[in-house]
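Fold the following and give me the result.
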Amino acid sequence: MGISILSIESSCDDTSAAVIIDGKVASNIISTQTAHAAYGGVVPELASREHQIHIVPVVDQAIKESGISLSELSAIAFTRGPGLLGSLIVGVSFAKSLSLGLNIPLIDVHHMHAHVMAHFADEPHPPFPFLCLTVSGGHTQIVKVHAADHMEILGQTLDDAAGEAFDKTGKMLGLPYPAGPEIDKLAQKGDHKFDFPIAKIKGLDFSFSGLKTAILYFIRDNKKADADFIENNIEDICASVQETIINTLMQKFLLAAEQEGITHLAIAGGVSANKGLRERLKTECEERNWNYYIPQFQYCRDNAAMIGITGYYKYLKNDFCDLDVKAEARLTF
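Presented below is the predicted three-dimensional model:
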């Protein structure tokens, strides 16, 4: 048996466990919490309680599907942060306890580093250096990836993340949470008929707060004239909002590639599952004869496989942590 790593992800509302054997994914189990839909967003206290319920069965299933036993594990990797503190504590505490019981090393992983490294859970993966546009509900970043243990943020959102813009737009439109996938689905049937502003931010940073406000006023004003405006135009509204968000992301991402002279481009994070964004990256790169990398859907969302892959590369460098490690909601990149 080579290097076998059990990994745990509990940063938000997905409880996940995976087993990585010699850098390959042997199992990747994800339990998604459904209790938050009624509230239109993740409720932190509820999330942490749900993690406590699901973590043991999820880990048990990951071990069983991997075909190895607990005694064969080489180390345990876990998400240290960033994320919801209560949720993180559940995963960190479980990882520490199991590490102590099995007398094997602990590996702390940065959640956003892991999203980037999700590309190494499958083939083909990008060569170093490459650029990664990491887009999720809480983060929007352009990352220059020099190596597995050397990443540099070139640009990031100054306020709201792209995923948050999708979800809050969905809430205004009366769509169920999380709204991102639903907007993507409706956008495929609509046309870009309505214009929304793209924030003019210097450099490679982003801003989505103004877009949210513009959408709010747009809906308010049009509903005054037509009470059924949303119902009559839902597909075109979604197509217009999605196109605006994608344009905002791709303008800066392509600019970063030109400035850095890098032609290997990747996307990661929950929003990288968006069909419109995936197609746009493919089109832009093919026109320029650049290389693009799009992760499998299971590696876009929060998952333990990406934690384990990152942990595997840290294991190779003996980069372990002590038992006094603590969860950090705002962990420095």
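
all strands of the stretch 1-150 of the chain, in order?
Assigned strands in the stretch 1-150 of the chain, in chain order: 4-9, 14-21, 24-32, 75-81, 106-110, 130-135, 140-147, 150-156 (criterion: DSSP state E, counting those that start in this stretch).

Now do the shortest one and strand 75-81, the angle between them.
For the pair strand 106-110 and strand 75-81, the angle between their directions (axes from the mean of the first three to the mean of the last three C-alpha atoms, to 10 degrees) equals 30 degrees.

can you pull the alpha-carbon coordinates of strand 106-110 into PDB?
As requested, C-alpha coordinates have been extracted for strand 106-110 and formatted as PDB (Å, rounded to 0.1, in the frame of the first residue of the first chain):
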ATOM      1  CA  LEU A 106      -2.600  15.600  10.300                       C
ATOM      2  CA  ILE A 107      -2.600  17.900   7.200                       C
ATOM      3  CA  ASP A 108      -4.400  21.200   7.300                       C
ATOM      4  CA  VAL A 109      -5.700  22.500   3.900                       C
ATOM      5  CA  HIS A 110      -6.700  25.900   2.700                       C
END
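
any residues touching that strand, and which ones?
Applying C-beta atoms under 8 Å, 6 or more residues apart in numbering, the external contacts of strand 106-110 come out as 5, 7, 75-82, 95-96, 99, 307, 310-311, 314-315, 319-323, 325, 331, 333. (Each C-beta comes from the backbone N, C-alpha and C, glycine too.)

mind checking how far it is from the chain centre?
17 Å (C-alpha atoms, centre = their mean, to the nearest Å).

now the last one
In terms of C-alpha atoms, centre = their mean, the centre of strand 150-156 is found 16 Å from the chain centre.

what's downstream of it, the next helix or strand?
helix 162-172 (DSSP states H and E).

Just the C-alphas of that following helix, formatted as CSV.
Written as CSV, here are the backbone C-alpha positions of helix 162-172 (Å, rounded to 0.1, in the frame of the first residue of the first chain):
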residue,chain,number,x,y,z
ALA,A,162,-19.9,35.9,-8.5
GLY,A,163,-21.8,33.0,-6.8
GLU,A,164,-23.4,35.4,-4.4
ALA,A,165,-24.6,37.6,-7.3
PHE,A,166,-26.2,34.5,-8.9
ASP,A,167,-27.9,33.4,-5.7
LYS,A,168,-29.2,36.9,-4.7
THR,A,169,-30.5,37.5,-8.2
GLY,A,170,-32.3,34.2,-7.9
LYS,A,171,-33.8,35.3,-4.6
MET,A,172,-35.1,38.5,-6.2
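
Show me which residues of it are buried.
162-170, 172 (16 or more other C-beta atoms under 10 Å).

What is the nearest of those residues to residue 195?
Relative to residue 195, the closest of the buried residues of helix 162-172 is residue 169; by C-beta to C-beta it sits at 14.9 Å.

isn't the closest one right up against residue 178?
No: Residue 169 is not in contact with residue 178 according to C-beta atoms under 8 Å; the separation is 11.5 Å.

circling back: give me the buried entries from the contacts of strand 106-110.
For these, a neighbour count by 16+ other C-beta under 10 Å gives the buried set as 5, 7, 75-82, 95-96, 99, 307, 310-311, 314-315, 320-321, 325, 331.

Could you check stretch 176-186 and say which residues are buried?
Buried positions in stretch 176-186, judged by neighbour count with 16+ other C-beta under 10 Å: 177-184, 186.

What's the mean pLDDT across it?
Looking at stretch 176-186 alone, the average pLDDT works out to 92.

where do the helices sit along the protein?
Remark: helices of the chain, listed N- to C-terminal, are 44-66, 85-102, 111-117, 162-172, 180-187, 209-225, 229-260, 275-288, 304-316; assignment by DSSP state H.

Highest mean neighbour count out of the ones you listed?
Mean neighbour count (mean count of other C-beta atoms under 10 Å) peaks for helix 304-316 among these, with a mean of 28.

what's the distance between that one and the middle of its chain?
Centre-to-centre, helix 304-316 and its host chain are 16 Å apart (C-alpha atoms, centre = their mean).

next one: stretch 225-233
On C-alpha atoms, centre = their mean, the centre of stretch 225-233 falls 33 Å from that of its chain.

can you check stretch 216-236 too?
31 Å.

Compute the first-to-last residue distance for that stretch.
Taking C-alpha to C-alpha, to the nearest Å, the first and last residues of stretch 216-236 lie 16 Å apart.

So which residues make contact with that stretch?
Contacts made with stretch 216-236 from outside it, assessed by C-beta under 8 Å, 6+ apart, are listed as 172-174, 186-187, 189-194, 196, 237.

Right, I'll call it a day here.
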